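S.K.: Coordinates only, no sequence provided:
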């Protein structure tokens, strides 16, 4: 029976929704929700599935074969009948019948993976969904030429279906349009009926002649700064009713919970500040009719806070029915049918979904802040704002009494957005910006000296940046970077991580020690100068061990960028490195996912490297060879000649071409041009072609006099 009803619910859907494409679309959409609201995303798929009218299916979603019988051939008992969902149908319920699941249901344009075609092989967000301004109607269209699924639906169209479904539910069907949560609570009457008091038992609280009990409560409300006309508009009353906390009948204050002008629930307040509600009644928000059609609403923790805000002129306010939790619950947001503490949000989804701005004005204590966090997790932090009450005030009613109506309105107007991961204002970095304005000339924020005056005029090393270096083979690009790091280590005390795949360890040590000591390692091989003494060599090795760490793959496999970044991150923590060398690009493992181009791969790789550099304030030098140059006559390559992708120049902060002169007619063969072809930060440098002279005996570079 479950399968037959599910197939009937799915009958109006395109065929593609029923298969793998539909499941892929829902998985992709759940992943997309994690980008905006990670706390909500992990429960999103279950939450949306749980408000679906469709029973759970087998993995293929189509099989008509009956489920396999248990081993003992026992027939499982049928599920108990479920009471009809009394909550109004929301647009999300209507769209879910078409397998359209959105991150939010606010009016405007939304893009998701098409559930009909699954967005193709790349999972493209090809389905455009437009929600009308009233939040009750939507149209959609898939922009993929091979799909072009179009349609529209509205809450009004679903009302007749909802009535028919509720009729079926009353006869024992498990199919309903709603949240999937049973509105029948323990203690409700037969068929889910709730015993609400007759109207004649409620004594009006308001201006004019009232009963003694109502007059007493009216005086108390006035002592809390609430005008009796505000109390009357919100339907407050007095009733002599049995109080479970007191164990006797008392004259209690009545807060009526209304929806569409009908009484749904009542919350009572006793004189001893005890609270209770009608047993088995549906949980909704107090003042729900006051936010009908509103795009901006305020949610408060108690009914008195709602009245206080109306007293200050703010009417689009609702109050939660059950107060605040003790603390924020760990883990993902529960599925709707399990989310009993906050079931009132799901019951009011038709009114809450179209809202674009939600101001949460909870109490200033720890439970109040926990309530604000839990509400934002369910409503979506991207549309939630938090109120900060004036010093010494606990809630809205407290502000009204101590500071007045203007201060209360001001607190609502100045609500601040909930922090979103990755989303900031410049004021969040005010200290860093102010410090940058007052930095001295020698500050690292302006870049540190390279050790060469001619280079400093065009390129200074700024922590947190990425420099890409290229040059034809045997131009000295790796030698120059080694010399630069030695200068930074000697002059500024920087330490480095070296991932140099083309250098053997002993050869790399020789080059660095020669640059540090200024003396050749060997004699007679490439210089006529005497080689360094053993004690000089040991001194150089000691310095080398303090300033450099090596990143090397110890097996035959090539290292990947992610592996290098992981070890570099550890080197930051353990050794405090300030620089990272990756030399060269073509020696790395470049296993790309199927269907990904090299251009896409390079772009994502450089993005990961830049994120590492910025997060750990480490300068990264990335050496990349140019592609094969045809008919080359000795000229310097450009950054766009780097093999792989133009993203090497597009994404780097600095781009340098190291080129050695090969023509004696134009100058010394030891002359090296350091072509600074790109500088993103104009404070640290500018484009230019400074020249240095290479010292063959010790590997150092010197300014040309």
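M.R.: Perfect, I can see it now. Predicted, not measured: the structure shown is a model, and the values here were computed from it.
S.K.: So which residues of the stretch 401-550 of the chain form helices?
M.R.: 405-413, 430-437, 453-456, 477-492, 505-517, 534-547 (DSSP state H, counting those that start in this stretch).
S.K.: tell me the most buried of those helices?
M.R.: helix 477-492 (a mean of 22; mean count of other Cβ atoms under 10 Å). From N, CA and C alone the C-beta is placed, and that goes for glycine too.
S.K.: got the contact list for it?
M.R.: Residues outside helix 477-492 that contact it (Cβ atoms under 8 Å, 6 or more residues apart in numbering): 448-452, 461, 469-471, 494-496, 500, 502-503, 508, 511-512, 515-516, 543, 547-548, 578-579, 581, 583-584, 621, 623, 658, 672, 674, 692, 694, 699-701.
S.K.: same question for it, mean pLDDT?
M.R.: Mean pLDDT, computed over helix 477-492, is 96.
S.K.: The helices of the stretch 401-550 of the chain: lowest mean pLDDT?
M.R.: Among those, helix 430-437 has the lowest mean pLDDT, at a mean of 89.
S.K.: what bridges to the nearest residue to residue 285 once chain neighbours are set aside?
M.R.: Of all residues not flanking residue 285 in the chain, residue 318 sits nearest, at 4.0 Å (Cβ to Cβ, 6 or more residues apart in numbering). Applying DSSP bridges to residue 318 yields these beta-bridge partners: residue 299.
S.K.: just to revisit the earlier point, next, format the helices of the stretch 401-550 of the chain as a markdown table and append distance to residue 196.
M.R.: Formatted as a markdown table, these follow (distance: least, Cβ to Cβ, whole Å):
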| stretch | distance to residue 196 |
| --- | --- |
| helix 405-413 | 33 |
| helix 430-437 | 54 |
| helix 453-456 | 82 |
| helix 477-492 | 77 |
| helix 505-517 | 83 |
| helix 534-547 | 79 |
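S.K.: Out of these, the one nearest residue 334 is which?
M.R.: In terms of Cβ to Cβ, the element of the helices of the stretch 401-550 of the chain nearest to residue 334 is helix 405-413, at 29.8 Å.
S.K.: all strands in the stretch 551-700 of the chain, in order from the N-terminus.
M.R.: 579-583, 619-623, 654-660, 671-679, 691-694 (DSSP state E, counting those that start in this stretch).
S.K.: Dump the ones you listed to JSON lines, plus mean neighbour count, mean pLDDT and distance to residue 207.
M.R.: As requested, the strands of the stretch 551-700 of the chain are exported to JSON lines (neighbours: other Cβ atoms under 10 Å; pLDDT from 0 to 100; distance: least, Cβ to Cβ, whole Å):
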{"stretch": "strand 579-583", "mean neighbour count": "24", "mean pLDDT": "95", "distance to residue 207": "75"}
{"stretch": "strand 619-623", "mean neighbour count": "25", "mean pLDDT": "96", "distance to residue 207": "73"}
{"stretch": "strand 654-660", "mean neighbour count": "24", "mean pLDDT": "94", "distance to residue 207": "75"}
{"stretch": "strand 671-679", "mean neighbour count": "20", "mean pLDDT": "95", "distance to residue 207": "74"}
{"stretch": "strand 691-694", "mean neighbour count": "19", "mean pLDDT": "94", "distance to residue 207": "90"}
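S.K.: Adding distance to residue 637, write those out as CSV.
M.R.: Shown next, in CSV, are those (distance: least, Cβ to Cβ, whole Å):
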stretch, distance to residue 637
strand 579-583, 17
strand 619-623, 13
strand 654-660, 6
strand 671-679, 9
strand 691-694, 17
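S.K.: sorry, back to before: so for residue 247, which of the helices of the stretch 401-550 of the chain sits nearest?
M.R.: helix 405-413 (37.5 Å).
S.K.: And for residue 696, nearest residue in space, chain neighbours not counted?
M.R.: residue 526 (5.7 Å).
S.K.: quick one, what contacts that neighbour?
M.R.: Contacts of residue 526 (Cβ under 8 Å, 6+ apart): 520, 696-697.
S.K.: ok so, going back, burial check on the residue nearest to residue 285, number of neighbours?
M.R.: By the criterion of other Cβ atoms under 10 Å, residue 318 has 24 neighbours.
S.K.: do the one 3 residues further on as well
M.R.: Here the count is done by other Cβ under 10 Å, and residue 321 has 21 residues near it.
S.K.: so where do the strands sit in the stretch 101-250 of the chain?
M.R.: Remark: strands assigned in the stretch 101-250 of the chain by DSSP E, counting those that start in this stretch are 108-112, 127-131, 137-142, 150-154, 203-204, 237-243, 248-259.
S.K.: Can I get those in TSV including mean pLDDT, mean neighbour count and distance to residue 277?
M.R.: Output for the strands of the stretch 101-250 of the chain, formatted as TSV (pLDDT from 0 to 100; neighbours: other Cβ atoms under 10 Å; distance: least, Cβ to Cβ, whole Å):
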stretch	mean pLDDT	mean neighbour count	distance to residue 277
strand 108-112	92	15	36
strand 127-131	93	20	34
strand 137-142	92	20	34
strand 150-154	91	15	33
strand 203-204	95	18	19
strand 237-243	95	18	11
strand 248-259	96	20	8
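S.K.: which stretch among those strands comes nearest residue 442?
M.R.: Closest among the strands of the stretch 101-250 of the chain, once you apply Cβ to Cβ, is strand 108-112, at 49.5 Å.
S.K.: The closest one to strand 137-142, inter-axis angle?
M.R.: Following axes from the mean of the first three to the mean of the last three Cα atoms, to 10 degrees, one obtains 40 degrees for the angle between strand 108-112 and strand 137-142.
S.K.: For the residue lying farthest from the centre of the chain, give me the pLDDT.
M.R.: The centre of the chain is farthest from one residue, residue 528, which by Cα atoms, centre = their mean lies 62.8 Å away. We note a pLDDT of 79 for residue 528 in this prediction.
S.K.: Quick check: the gap between the spatially closest residue to residue 607 that is not a sequence neighbour and residue 581.
M.R.: Excluding its sequence neighbours, the residue lying closest to residue 607 (Cβ to Cβ, 6+ apart) is residue 651, at 6.9 Å. Remark: distance between residue 651 and residue 581 (Cβ to Cβ, to the nearest Å) = 18 Å.
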